[in-house]
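S.K.: structure for the following, please:
(chains A, B, C and D)
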Amino acid sequence: MAVCIAVIAKENYPLYIRSTPTENELKFHYMVHTSLDVVDEKISAMGKALVDQRELYLGLLYPTEDYKVYGYVTNSKVKFVMVVDSSNTALRDNEIRSVSAGDWRTTPGWWMFRKLHNSYTDVMCNPFYNPGDRIQSRAFDNMVMSMMIQVC
Amino acid sequence: MADEALFLLLHNEIVSGVYKSAEQGEVENGRCITKLENMGFRVGQGLIERFTKDTARFKDELDIMKFICKDFWTTVFKKQIDNLRTNHQGIYVLQDNKFRLLTQMSAGKQYLEHASKYLAFTCGLIRGGLSNLGIKSIVTAEVSSMPACKFQVMIQKL
Amino acid sequence: MSRQANRGTESKKMSSELFTLTYGALVTQLCKDYENDEDVNKQLDKMGYNIGVRLIEDFLARSNVGRCHDFRETADVIAKVAFKMYLGITPSITNWSPAGDEFSLILENNPLVDFVELPDNHSSLIYSNLLCGVLRGALEMVQMAVEAKFVQDTLKGDGVTEIRMRFIRRIEDNLPAGEE
Amino acid sequence: MAAPEEPLPPVIYTMENKPIVTCAGDQNLFTSIYPTLSQQLPREPMEWRRSYGRAPKMIHLESNFVQFKEELLPKEGNKALLTFPFLHIYWTECCDTEVYKATVKDDLTKWQNVLKAHSSVDWLIVVVENDAKKKNKTNILPRTSIVDKIRNDFCNKQSDRCVVLSDPLKDSSRTQESWNAFLTKLRTLLLMSFTKNLGKFEDDMRTLREKRTEPGWSFCEYFMVQEELAFVFEMLQQFEDALVQYDELDALFSQYVVNFGAGDGANWLTFFCQPVKSWSGLILRKPIDMEKRELIQRQEATLLDLRSYLFSRQCTLLLFLQRPWEVAQRALELLHSCVQELKLLEVSVPPGALDCWVFLSCLEVLQRIEGCCDRAQIDSNIAHTVGLWSYATEKLKSLGYLCGLVSEKGPNSEDLNRTVDLLAGLGAERPETANTAQSPYKKLKEALSSVEAFEKHYLDLSHATIEMYTSIGRIRSAKFVGKDLAEFYMRKKSPQKAEIYLQGALKTYLAEGWALPITHTRKQLAECQKHLGQTENYLQTSSLLASDYHLTEEQRKYFCQEVLSFAHQQSDSPGHRVVLPMHSFAQLRDLHFDPSNAVVHVGGILSVEITLCSQMPVPVHVEQIAINVHFSIEKNTYRKTAEWLTKHKTSNGIIKFPVETSPFPASQNILPALELYEMFERSPSDNSLNTTGIICRNVHMLLRRQESSSSLEAPSGVALEDGAHMLRCSNVTLEPGANKITFRTQAKEPGTYTLRQLCASVGPVRFVLPHIYPLVQYDVYSQEPQLHVEPLADSLLAGIPQKVKFTVTTGHYTVRNGDSLQLSNAEAMLILCQAENRAVIYSNTREKSSDAALRVQSSDKVTSISLPPAPAYHVIEFELDVLSLPSVPAAGGESDLRGTPEPQRKHKDRQTAGHCMVTTDHKVSIDCPWSIYSTVIALTFSVPFRTTHSLLSTGTRKYVQLCVQNLSELDFQLSDSNLVATGDSTDLQLIPLNTESQQCICSKQPVFFVWELRWTQEPPPALHGQFSIGFSPASEERLSVSLKPYTYEFQVENYFTLYNVKAEIFPPSGMQHCRTGLLCSLEVSITRLSDLLEVDKDEALMESDQCFLTKLMYEVVDNSSNWAVCGKSCGAISMPVAARATHRVRMDVMPLFAGHLPLPDVRLFKYLPHHSAHSSQLDADSWIENDSLSVDRHGDEQSDGGSGRSRGSVHSASSAEHKGLPMPRLQALPTGQVFNSSAGMQVLVLPSQDNHVLEVSVT
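M.R.: A predicted model of the protein is given here:
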């Protein structure tokens, strides 16, 4: 369902970014990069929030005509950004409902990001992976791929 | 817990391994410590990533230090840091009165000269953990009577 | 708050992660220190051996298993008690040689290699070789000279991880006085 | 008679209308009360308890009082709520029964029936009491009666439906009370009615919604119903509730669209799929857009109509709720989802139509918001609005492109047609905006009217957007908009404007390491720079792109070609050159020197090989690659020597350079590595360990903030240095990937050379690596020629040929044929010239280059060694045999006795240091061809032997024994031992008692030689002996040279025996054997053997009448304590100095043990009587005498056991005398002068039977 999934380092350079279809890869790179603006905004806003509102999931970063961009940031300040085709409304609707209900964890976005986070954590724990390097991991690739095709 | 024994042995073996390899090549004092510290650093990065996976975002530096002293320390060494002190200028002192990696050696001053070998890895753990949480720091350690020891964290202001 | 929530439950698992990660750090460090994998394997085995000879004391102390009378019994203790105790897994024992002096430990999941993805340039690295050393060292302390080696490894794409154990001889000397 | 009179038509401007209340009965009365009532009613708020567990609310009630008409009562199934009368009031001020019975009652009944008929239960009867009226009434009933009647007649059980309002127009407390009571009642009833009726309405509405799956169900109808509810809430000022109604409708509709997309389409929806014909944007200026509402009502609304209307209502309510920012946010969502929904429903939309719609809508929303907020609010909420701004910008842009307004040659005809169609779709401007200058409508129309107008509007929007983004710190977004702007400028062929936006964007991407955007932006920048004719920048960008792996091979080739073709076109201005940073063109990977330690001597050849990794996709021919070298004279000259070279051999001499990673953000380059060390802190008191730990040595470096590194783009940093020193390499073709390039240079001035810059020239283009880091240096040294001479073995042995190594370090001197070393020989050291002497020549780095024969000619004074020709900075090595001659004694003369003084002194020194070899130093001065001064070298030889002599006597016969000790490691052959007496004693002859002439002396072993001394007349007082012996290394067979023998000189004095001492022990009388514990007698006899001799002449000598006497003293001691000497064991005697004069002494001794006991030891001394002070004086002199004598004899004394020791004791004794009172002195006789004939004799002692005696004897 996602058309682009990106992992972005603390320092805001991409650790991993994969999009489908590949032809407008560039567009997604721009989109993800721009979305960091909102990520930063949300994080700084988050800092002030109360403990139980300090949620890793940032929700919808910003919508464009054709895509919705969602964000998530780990405690290690690594950002996950997911671009979803707007025509895919499943995510959006649930989003609206549960966000207004103030419960993130029921949103499909949240779950997808959790999967991403877990998988990323495994990458971090691979002794042969050098933190900060671009991610080249079969396991991670597969997981991302599964998210790209699977429709939820 | 069972496999703690295994970890302790592994750690000892790593320490002696590093020092042995140093004996062959001409290596000065620092190299081994640094090597151990670096290994710890990498492990710390990995661990913190896991440990903070399900925790809420941290409020500030102090919040993070508390996490290191409580949750992190507990999961790694089965106990909390006994005392955390800070000057609020980016220097923190973590005191562990019964540091797990020193308890194997007899208490007091007998093996004091060897103690630092057994702290290097942990210094790395802390530094790695912090750096992965976005805090650049220098971690040093100090023992005057085992098995108590102090870790000093100097945080790089950005 | 979630931070509190997961503490109790996960803490047990953690130190095994600590172990796994630390081991990983060791292996990669060795890969840096030695240029070819064979040397790394050797080093791992050596370190494993040193660990084994110490670990056995801890083992005998904590698991009150008596002296094993034959290799089969030993195999059982290793798989059912030792592995369970230290790695929290119970490998299955298979492929006994007709002479009963060789068998295989089959590890469905090997905690050492959680998260590990072997880079292509380390094709001949036997990542978990430490285990062989541990087994060798530990058994030597109970007067058993054995050979242990990996014949299958999930890291290498095999379905399971298999450690082949071969009994070489009983070390008769330095038997503690009074034992049979 | 105001409003209430005629019934109001149902209106929908909900803010204006109020819940309807009808009034029946006495109209005049009501009219009189109405003003008070309508103003009193809203005053007190009332709590409204809601159905469905909705939170209760305080509301202020207002009502619209209309005259009661039956038509007002809703028919069955009429859903209208706004027009619904919530309460019916009957007014009367009737106070007398007659009137009541006559008229009022019937009227009331009629009223009631009508209500019943419409089953409306919300009514109230108000009886107004008025005292004024009563006055002129005669038959007055109690006040209550009418009210009671009415209550009986109409309100059975619910008496509260009839209330009294007394004197409403008076101003009295009573009036107040009744008003309050009345109003409260009124409010309560109203609310009850609301609750009841709204509840009922909602139920109906729900049931209607449940039906939505049924065929024929129409969204529009339902819409109207739910909106009715919304209206009522709005009417009651319950905007939240109102909004909820619209949101539900919104969600419901969206859901339908989604489902439609998913396949199951409701047929009513198909209606919304009609093609879009009008795209005039949202209208938010009036609370309700009636046209659109009617369209919906008439089920003729398009999707856009519906959405627009829905949103306009939501907007209105949100603004009532003071939530303008939510409007903005919802607006953006709406616009996006509309676009999506149209796609989803496959609605046909003319190109650009939506862009118009969105553009207009954005601006409309923005203006609406601006309309109701002040500037400050707006500025502080840009984050909410900026989205709309950029969306509008985006849309306008695409419109511009669509209508051909972005090309530099305006729109073509078809563009114009398109524009016309688009404008048509907007219809006429709305009245409400007609007179606002900046209305969206006007803007759009204007923007599309002309290229210039478009540009103006587009730029305004873009700049506004960028500014807003920047102001709220959304830099990335700002840059992104900036890039669009840049594209626009490029289209408009004004690259100079585009450039700064592209540069800006590129900077951010570089800073954060976003490869693809970097590449893309660079490409745009390249084009831009090309247009601008910024050659350097263009070339630089091109080279970067040529090396960019994110581009296709072709693209890379293209940009590479761009660079090359520029390079190859011959530039009109020859001097002109373009300097570009190298990293994009090629990267320096490693470098290594030959010789690998990067040190060469002046004139030596150094070669530097670098690996350069070309980033270009094609082979590139480079005219020259040059390394700029900085020269500095090296202070530390030691580094410049040959020894240094040989000491510092670097492992492989390869320097690796960090590979430049694909652009990483500056923040990426992490801290320098920690320098951790173990720390041991010891207590100052006892040095025990106090504290250990780990410390960090480079905290200061780590904790200081990091300065972000400047962008890679900046060509500024690259300045081409021109240095005198250059390593050059011409005409290289760099293949893609790694290339090895070798520079060779001949070292000139000595000093340190630092490689600074690397520069590759392609035509006028210079690719420059401004700083080669890590630092790379090589050293050139020059060296003075030197000669070293050192023994081959650790020590040289005197007397035999020894190998000495000569090392000539030629340094800058070239050894030519005929150059030679002139050695002026030391007389005592020979240089033996063998036939075969070869010299080996090494290069300075110790590689053997050649070897040559060596000619050595020795004259007596000079030895000349002719060196083989050798180039500068080489080493000539050869070995020579040298021989140190043992010191030759010159004939006669006291002084000569000492031989060469050198060894003597050494000898003396060494004595203290214990037994090691005597050494001799030989200085040789050598004249070297390269210097006018001669080099003096000293060689130290050690004498392999140490010899000691001793005197032996039997009676008067004398022997000399020599002990030769071999101290060296070698074995030697000894031959022809010889002892000659030097000096005047002619008649003394020495008879050797040594058998072999040849014998071997092994390492560390002694060999002994003995001679007997014979003489005829009186012996000389002293013997000067010179011992000599030939020796040669045992190993060597025949030596070329004949070796000088080893000699040893010594002197023995007073060796002639003067006295014979004899001791005898006699058993006790009557026994023939001694027994333990029994006294026996010891007889000592001292016999003078010669007459007066020279030696006797001392102060002990006394002349008596006829003969000479001398004083002696004897002493019997038994150190072995075998004997107990009883009585006096010593005594002085005066001995006649004459041959055969004998003195006997007897004393008792007792053997303490049984067995063969040696006799007690008898000692003999000269007894020198004391003289007055002067004697001691004299004595002191004599002592000094002795001492001065002793100086040269010292060696002998030391070795000479007897006399030496005796002399020693004299000294000690005399020195003892000097302090304290002068006393008689004892002087031991030289051993040579006393012969103890009974020495070594033993006497048999038997054990006594009687043991108690023994005890006695013990005590």
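S.K.: ok and the residue in the stretch 1001-1150 of chain D nearest chain B?
M.R.: D:Ser1003 (39.7 Å; C-beta to the nearest C-beta). For glycine as for every other residue, the C-beta is placed from the backbone atoms N, C-alpha and C.
S.K.: ok, now how distant is that residue from D:Phe1031?
M.R.: Between D:Ser1003 and D:Phe1031 the computed distance is 13 Å (C-beta to C-beta, to the nearest Å).
S.K.: measure the residue of the stretch 1001-1150 of chain D closest to chain B to D:Leu967 for me?
M.R.: Plainly put, D:Ser1003 is 9 Å away from D:Leu967 if you go by C-beta to C-beta.
S.K.: show me the shaky parts of chain B.
M.R.: For chain B, the stretches with pLDDT under 70 are B:1-2, B:22-30, B:107-108, B:158.
S.K.: can you map out the strands along it?
M.R.: Here chain B has its strands, by DSSP state E, at B:83-86, B:91-96, B:137-143, B:149-155.
S.K.: same thing with chain C?
M.R.: Using DSSP E, strands in chain C cover C:92-94, C:102-107, C:144-152, C:161-170.
S.K.: got it, and chain A?
M.R.: Using DSSP E, strands in chain A cover A:2-8, A:14-19, A:57-63, A:67-73, A:79-85.
S.K.: rounded mean pLDDT for the third one, please.
M.R.: The one in question is strand A:57-63. In this model, strand A:57-63 has a mean pLDDT of 83.
S.K.: got it, and the fourth one?
M.R.: When pLDDT is averaged over strand A:67-73, the result is 89.
S.K.: what's it packed up against?
M.R.: helix A:25-48, strand A:57-63, strand A:79-85, helix A:89-100, helix A:108-125 (3 or more C-beta pairs under 8 Å, 6 or more residues apart in numbering or on different chains; DSSP states H and E).
S.K.: hang on, the earlier thing: okay, D:Ser1003 and D:Leu967: which has more neighbours?
M.R.: D:Leu967 (16 against 13; other C-beta atoms under 10 Å in any protein chain shown).
S.K.: excluding sequence neighbours, find me the nearest residue to C:Ser53.
M.R.: Residue C:53: Val, not Ser. For C:Val53, ignoring the flanking residues on the chain, the nearest one in space by C-beta to C-beta, 6 or more residues apart in numbering or on different chains is C:Gly137 at 4.3 Å.
S.K.: so how far is chain D from the spatially most central residue of chain B?
M.R.: Nearest residue to the geometric centre of chain B (C-alpha atoms, centre = their mean): B:Thr122, 2.1 Å. The gap separating B:Thr122 from chain D is 10 Å, by C-beta to the nearest C-beta, to the nearest Å.
S.K.: that residue contacts B:Phe41, correct?
M.R.: No. Contact between B:Thr122 and B:Phe41 fails when scored by C-beta atoms under 8 Å: they sit 10.6 Å apart.
S.K.: would you confirm that D:Ser632 contacts D:Gly751?
M.R.: Yes. The pair formed by D:Ser632 and D:Gly751 meets the contact definition of C-beta under 8 Å, at 5.9 Å.
S.K.: by proximity to chain D, which residue of chain C wins?
M.R.: For chain C, C-beta to the nearest C-beta, closest residue to chain D: C:Lys32, 13.9 Å.
S.K.: likewise chain B?
M.R.: Per C-beta to the nearest C-beta, B:Glu142 is where chain B lies closest to chain D, at 3.7 Å.
S.K.: what residues are up against that residue?
M.R.: B:Cys149, B:Lys150, B:Phe151, B:Gln152, D:Met679, D:Thr691, D:Thr692, D:Gly693, D:Ile694 (C-beta atoms under 8 Å, 6 or more residues apart in numbering or on different chains).
S.K.: which of the residues you listed has the largest number of neighbours?
M.R.: Neighbour-wise, the contacts of B:Glu142 (other C-beta under 10 Å) top out at D:Ile694, 28 neighbours.
S.K.: doesn't that one lie inside a helix?
M.R.: No. Secondary structure of D:Ile694 (DSSP: H, G, I helix; E, B strand; the rest coil): strand, not part of a helix.
S.K.: what is the neighbour count of the residue nearest to it when sequence neighbours are not counted?
M.R.: Here the nearest residue to D:Ile694 in space, its sequence neighbours aside, is B:Ala141; by C-beta to C-beta, 6+ apart that works out to 4.7 Å. Using other C-beta under 10 Å, B:Ala141 is surrounded by 27 other residues.
S.K.: can you pull out the low-pLDDT segments for chain A?
M.R.: Ranges of chain A meeting pLDDT under 70: A:46-54, A:88-107, A:150-152.
S.K.: up against chain D, what does it have?
M.R.: Proximity of chain A to chain D, by C-beta under 8 Å from any C-beta of the partner chain, involves residues A:11-14, A:25-26, A:29-30, A:33-34, A:36-38, A:40-41, A:62-66, A:86-87, A:89, A:93, A:132.
S.K.: the helices in chain B, which residues?
M.R.: For chain B, the helices defined by DSSP state H cover B:2-24, B:29-51, B:61-67, B:73-77, B:100-103, B:112-115, B:117-132.
S.K.: looking at those, which is buried most?
M.R.: helix B:117-132 (a mean of 26; mean count of other C-beta atoms under 10 Å in any protein chain shown).
S.K.: ok, it near chain A or not?
M.R.: Yes. Interface with chain A: helix B:117-132 contributes B:Asn132 (C-beta under 8 Å from any C-beta).
S.K.: surely D:Ser280 is in contact with D:Leu444?
M.R.: No. The criterion here is C-beta under 8 Å, and D:Ser280 misses it with D:Leu444 at 9.8 Å.
S.K.: and those two? Which one has more around it.
M.R.: Each of D:Ser280 and D:Leu444 has its neighbours counted (other C-beta under 10 Å); D:Leu444 has more, 25 against 21.
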